[in-house]
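J.: Here's a sequence, model it:
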Amino acid sequence: MNMKIDIWTDILCPWCYIGKREFETALAKFEHKDKVQVTFHSFELDPNANKNYDKDIYDLLAEKYQTTREKSKAMHENVQNRANAVGLTYHFDILKPTNSFDAHRLIHLAAKHGKQSEMVEKLSAAYLTEGKHIGEVKTLINIAKETGLDEKETEQMLYSEDMSYEVRTDEQEARQLGISGVPYFVINRKYGISGGQPNEVFSEALENIWKEMSSENIVE
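T.: Take a look at the predicted model:
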């Protein structure tokens, strides 16, 4: 008996990294964690995002929500505090806004080699903590090497259209499921959890759904 958890996420989303860490905390405490299969799926918050921007994340968010730079900074500070609470350190001052499509393609390449979770972790840290430009091919190749992927294979993929279909398929499935924001966790294709919830929420869901699975298994 296995539990399947599908997570739609975007590397550019600060709440996705927080949600990932909260979920991992809950999973680590779950008695049946070895029976849980986790798969990450692509979701672009802004598919039309540029690869490079002259403005920083504060100004971009201020423009998006028609607010001031000061209020934008305050919003980011709140997210930063939430990240700190789960052991993450965000550096929005050096963050480089970009387009995440190629990063999503790299995650799918990593999945082929059984390194999907590690790649999501490294890309999230690179973007939100280390201030790396994850829209640049050279940055992605370096991260791929650090994750144990073949440099030549990664380069060939990034300079082609490979893995584009996989990204688009994930995004189409998200639309079919009615997912409009991330992170979004789907458990056993029946239950959904939206946002970077506290780990207690995930723990409760894991326990309750496992009990339900066990009772159904007995009935069968």
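J.: and T67, helix, strand or coil?
T.: Secondary structure, DSSP: H, G, I helix; E, B strand; the rest coil: T67 is coil.
J.: Could you count how many residues lie near it?
T.: 13 (other Cβ atoms under 10 Å). Glycine gets a C-beta too; all of them are placed from N, C-alpha and C.
J.: For it, give its distance to D10.
T.: 22 Å (Cβ to Cβ, to the nearest Å).
J.: And for A126?
T.: In terms of Cβ to Cβ, A126 sits 14 Å off from D10.
J.: in stretch 73-80, what's buried?
T.: Judged by neighbour count (16 or more other Cβ atoms under 10 Å), stretch 73-80 contains these buried residues: K73, M75, H76, V79, Q80.
J.: That should have said stretch 24-38, apologies.
T.: Buried residues in stretch 24-38 (16+ other Cβ under 10 Å): E24, T25, A26, L27, F30, V38.
J.: so the second one makes contact with G87?
T.: No: no contact is recorded between T25 and G87 when judged using Cβ atoms under 8 Å, the distance being 9.1 Å.
J.: Show me what counts as buried in the helix or strand bottoming out on mean pLDDT in the chain.
T.: Of all helical and strand segments in the chain, the minimum by mean pLDDT, DSSP states H and E falls on helix 199-219, at a mean of 89. Residues N199, V201, F202, S203, A205, L206, I209, W210, M213 are the ones in helix 199-219 that count as buried (16+ other Cβ under 10 Å).
J.: Any stretches of the protein with poor pLDDT?
T.: For the chain, the stretches flagged by pLDDT under 70 are 218-220.
J.: Give me the subset of the buried residues of stretch 73-80 lying in strands.
T.: Judged by DSSP state E, strands contain none of the buried residues of stretch 73-80.
J.: Of the residues you listed, which belong to helices?
T.: In this view, the buried residues of stretch 73-80 that belong to helices under DSSP state H are K73, M75, H76, V79, Q80.
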